[in-house]
Structure formats: C-alpha cells, structure tokens
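Peer 1: what's the 3D shape of this:
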Amino acid sequence: SAPLYDGEDTHIGGVETFLDISEIKNLGSHLKEHFQFQNIIGNSKPMQRVYQLMENVIQSDSTVLITGESGTGKELVAQAIHQNSPAADQPYVVIDCGALNDTLLESELFGYKAGAFTDAKSDKPGRSAVADGGTILLDEIGDISPAMQARLLRVLQEKVIEPLGSVKPVRVN
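Peer 2: Numbering: from 1, shown residues only. Here you go, the predicted structure:
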C-alpha cells in the first residue's frame, strides 16, 4: 500500500495491491512434502530413495543399519526415523562407539552394579536401559572390536542386557 498525494502535497487517498499467494503456499507445501523429511532436505533420486526407505522402517520395530561415509547425515536419518516412529515420545540416545574402548563402551551400554569394579560406588543404568522403549543410535559401530560387535549382536537379537557385576539379565527394547 502507498499514500496518494496531489501536486500540492495534499493527501488525497491511497493505493493497495493484493496478491493471491495460495499458489505459492501450495508450491511450498508440495516441495516440503516431496523434497524434505524432518531436517533432511534433498530432491535427487538417491534422496527420494532414502525417504522411501525411511517411510518403510518407521512403523517397524526392527533394528535398522544406516550406512554411509562420514558426514553424510546418518544421524539425521536416525533422528528422523525416531521422531516419526511410534516411539517418538520415548528417549532418543546416541553413543559414539568409536570414541570408547570395549570396557568403557560395555559399561556405558549395559551399566553396572555397585561394587562391580573399584570406583563403582552405586548402580548406574546403561544407555541401553535408558533408551528402553525408544531409540539408541550406536554411532561408528564399525570402529569397535569384533568381540564387542558380537556381544552387541546378541543384545540386538535377544533384547537382553546384563549390567556389569550383575547375574540377573534385564530385558530392553
């Protein structure tokens, strides 16, 4: 809008222009629907395939393996799957497996009981127990030892953990 003045700077009215933006809104909605998933944006054929795969696993209660080079957005994919899954209101826990040696990783994942080792003064739940009912992202899992990978595989198959210093298994999902 803009005011109108005559030749003597006397205000004589105004002009207002209207623009129908419904088409712009529809286009934005279409782009968001087809080229975005959560915080992931892309419209290439490979990205469309990733979105399709994500849609397929969202309703599943299966373990999902996300592969790709470092920096390609694997964690964004994991977050999007979690946020759109039935477990979205449950915990989302990330652990960088490659940053920890097997012993630390085991205590972080499975927790421990008081007295399990010298500094274990109280029980500590592992991140697997904290994420129970939700999602746990085991980032850089390929960097851990084969022995630890075998232990994790068993946990994923059986959905049972055993905190360090405990003889009582704990069910987790």
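Peer 1: ok, now how distant is Val64 from Val15?
Peer 2: Distance, Val64 to Val15, using C-beta to C-beta, to the nearest Å: 58 Å. Bear in mind the C-beta positions are built from the backbone N, C-alpha and C, glycine included.
Peer 1: More neighbours: which of those two?
Peer 2: Comparing Val64 with Val15 by other C-beta atoms under 10 Å, the one with more neighbours is Val64, at 15 against 8.
Peer 1: which residue sits closest to the more buried one, ignoring its sequence neighbours?
Peer 2: Leaving out its chain neighbours, the residue that sits closest to Val64 by C-beta to C-beta, 6 or more residues apart in numbering is Val57, at 5.3 Å.
Peer 1: hang on, the one you found in a helix?
Peer 2: Yes. Membership of Val57 in a helix is supported by DSSP: H, G, I helix; E, B strand; the rest coil.
Peer 1: Check which residues of stretch 37-49 are buried.
Peer 2: The neighbour-count check on stretch 37-49 (16 or more other C-beta atoms under 10 Å) flags 37, 40, 47 as buried.
Peer 1: repeat for stretch 99-108
Peer 2: 100, 105-108.
Peer 1: What distance do you get for Asn84 to Gln59?
Peer 2: 9 Å.
Peer 1: In terms of neighbours, single out the busier of these two.
Peer 2: A count of neighbours by other C-beta under 10 Å puts Asn84 above the other of Asn84 and Gln59, at 16 against 10.
Peer 1: That one and Ile66: what is the separation?
Peer 2: 15 Å.
Peer 1: Lys124 too?
Peer 2: 28 Å.
Peer 1: Repeat that for Gly42.
Peer 2: Taking C-beta to C-beta, one finds Gly42 at 15 Å from Ile66.
Peer 1: same thing with Leu152?
Peer 2: Leu152 is 15 Å from Ile66, where distance means C-beta to C-beta.
Peer 1: Give the bridge partners for Gly13, please.
Peer 2: Taking DSSP bridges as the rule, Gly13 bridges to Leu4.
Peer 1: Find the centremost residue of the chain, please.
Peer 2: The centroid of the chain falls nearest to Gln79 when counting by C-alpha atoms, centre = their mean (1.3 Å).
Peer 1: In a helix, that residue, correct?
Peer 2: Yes. Counting by three-state DSSP, Gln79 falls inside a helix.
Peer 1: shaky segments in the chain?
Peer 2: 27-36, 38, 116 (pLDDT under 70).
Peer 1: where along this protein do the helices fall?
Peer 2: 22-35, 45-58, 74-83, 102-110, 127-130, 146-158 (DSSP state H).
Peer 1: Take the ones you listed and write them to CSV, including distance to Thr118.
Peer 2: What follows is those, written out as CSV (distance: least, C-beta to C-beta, whole Å):
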stretch, distance to Thr118
helix 22-35, 54
helix 45-58, 42
helix 74-83, 34
helix 102-110, 13
helix 127-130, 22
helix 146-158, 22
